[in-house]
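A.B. asks: dropping the sequence and predicted coords here.
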Amino acid sequence: MTTQRSIRLGSRGSGLALAQTESIAAELAGRGHKTETVVISTRGDRDLAKPLPELGGKGVFTEELEAALRAADIDLAVHSLKDLPVDDVPGLLTAACPERADPRDVLISRNGNGLAELAAGGRIGTGSLRRIAQLRIIRPDLVSVPLRGNIDTRIRKGLDPGGDYDAIILAAAGLHRLGLDTHITEYLTVEQMLPAPGQGAIGIQCRVDDEWMKSELKTINHTPTRAAVTAERTFLSALGGGCQLPLGALATIDGDALTCHGLVAATDGERIVRVRVSGNAATPEAVGTELAQQAIDAGADEIIREAS
């Protein structure tokens, strides 16, 4: 018989973070547990003026949650997996990844124009080096303009008739989780815009020594998602580990086979490395490691050094 206990879930205070945390709370409540959401402000939430690379990249949306978890002020922490550094901090582990949402990026255009129809010189809101690099490859005549804030704020800025943007690029998953997908003008294909490693997935951390919590989280882990994001994040780790590096990765699973695509691109759009590796879904780390080595052999490490 499952032992019930009250579970404190740590979450950032944004609408998306709370929606993701509420979905995990609902899963646990379905198993008979009482839950409480503890909202924790992070460095990335408090400083909305600086571009993310200037904030340091790693851990800007996770450090405070991890500190609260280590101090036992919360029992688990719910993260957008792409925000979570690839290396677990001492005493914590990523214990579960529920089934992934749509990993693609989308375009939200003020005038309803798709990416191909935007006028030359159009201003595209994004603060992601990965998106900037790929945008300059497919539409070098467009201008990338920094954009930060929660999803509602970014949509409002993007649709403002007198604003600074002709279109903005966001992750599809967040829009779907918040019921804001009606704003989407166009889904960008993964050939146009390879997603960030782990995009669309949720990562749930708990303490290494909390055996009960680890056992409960196993029930909401989605094995194919976990294998796919493990390959992607292994690729990221082997190439430096920063969530603000100009790289993308996406793995898919078909039966026992796992195929992972990787990309590293210079932010000026002049150089790009694309790699693809297939292997066994039971050994996703090996796939990610081989993918990174192929990228390094093709010159990806030089692109990353220049971008860092």
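C.D. replies: Right, received. Where do you want to start? Residues are numbered from 1 along each chain as shown.
A.B. asks: and the end-to-end length of stretch 155-167?
C.D. replies: Chord length of stretch 155-167, first to last residue, is 9 Å (C-alpha to C-alpha, to the nearest Å).
A.B. asks: what values do phi and psi take at the nearest residue to Ala17 once chain neighbours are set aside?
C.D. replies: Distances taken as C-beta to C-beta, 6 or more residues apart in numbering place Ser11 nearest to Ala17, at 5.0 Å, with adjacent residues excluded. In short, each C-beta sits where N, CA and C put it, glycine included. As for Ser11, its main-chain torsions (degrees, to the nearest 10) stand at phi -150, psi 150.
A.B. asks: Ser11 touches Val78, doesn't it?
C.D. replies: Yes: Ser11 lies in contact with Val78 (C-beta atoms under 8 Å); the separation is 5.4 Å.
A.B. asks: separation between Glu117 and His222?
C.D. replies: Glu117 is 37 Å from His222, where distance means C-beta to C-beta, to the nearest Å.
A.B. asks: tell me which of these two has more neighbours.
C.D. replies: Taking other C-beta atoms under 10 Å, Glu117 and His222 do not tie; His222 has more neighbours (16 against 12).
A.B. asks: low-confidence ranges in this structure?
C.D. replies: Applying pLDDT under 70 to the chain picks out residues 1-4, 47-58, 241-244, 308.
A.B. asks: which stretches of it form strands?
C.D. replies: Assigned by DSSP state E, the chain shows strands spanning 7-11, 35-39, 76-80, 92-96, 105-109, 123-125, 143-145, 167-171, 186-187, 202-207, 247-254, 257-265, 272-280.
A.B. asks: quick one, the first one and strand 76-80 angle?
C.D. replies: The reference is to strand 7-11. Interaxial angle of strand 7-11 relative to strand 76-80 (axes from the mean of the first three to the mean of the last three C-alpha atoms, to 10 degrees): 30 degrees.
A.B. asks: repeat that for the last one.
C.D. replies: For the pair strand 272-280 and strand 76-80, the angle between their directions (the same axes, to 10 degrees) equals 130 degrees.
A.B. asks: what lines up beside strand 272-280 in the sheet?
C.D. replies: Applying DSSP bridges, strand 272-280 is found paired with strand 257-265 (antiparallel).
A.B. asks: how about the strand it pairs with as CSV, C-alpha atoms only?
C.D. replies: The C-alpha coordinates for strand 257-265 follow below in CSV (Å, rounded to 0.1, in the frame of the first residue of the first chain):
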residue,chain,number,x,y,z
ALA,A,257,15.9,3.0,-31.9
LEU,A,258,16.8,6.6,-30.8
THR,A,259,17.8,9.2,-33.4
CYS,A,260,19.3,12.5,-32.3
HIS,A,261,19.9,15.6,-34.4
GLY,A,262,22.3,18.2,-33.2
LEU,A,263,23.2,21.7,-34.4
VAL,A,264,25.8,24.3,-33.5
ALA,A,265,25.7,27.6,-35.3
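A.B. asks: distance of Arg156 from Gly122?
C.D. replies: 19 Å.
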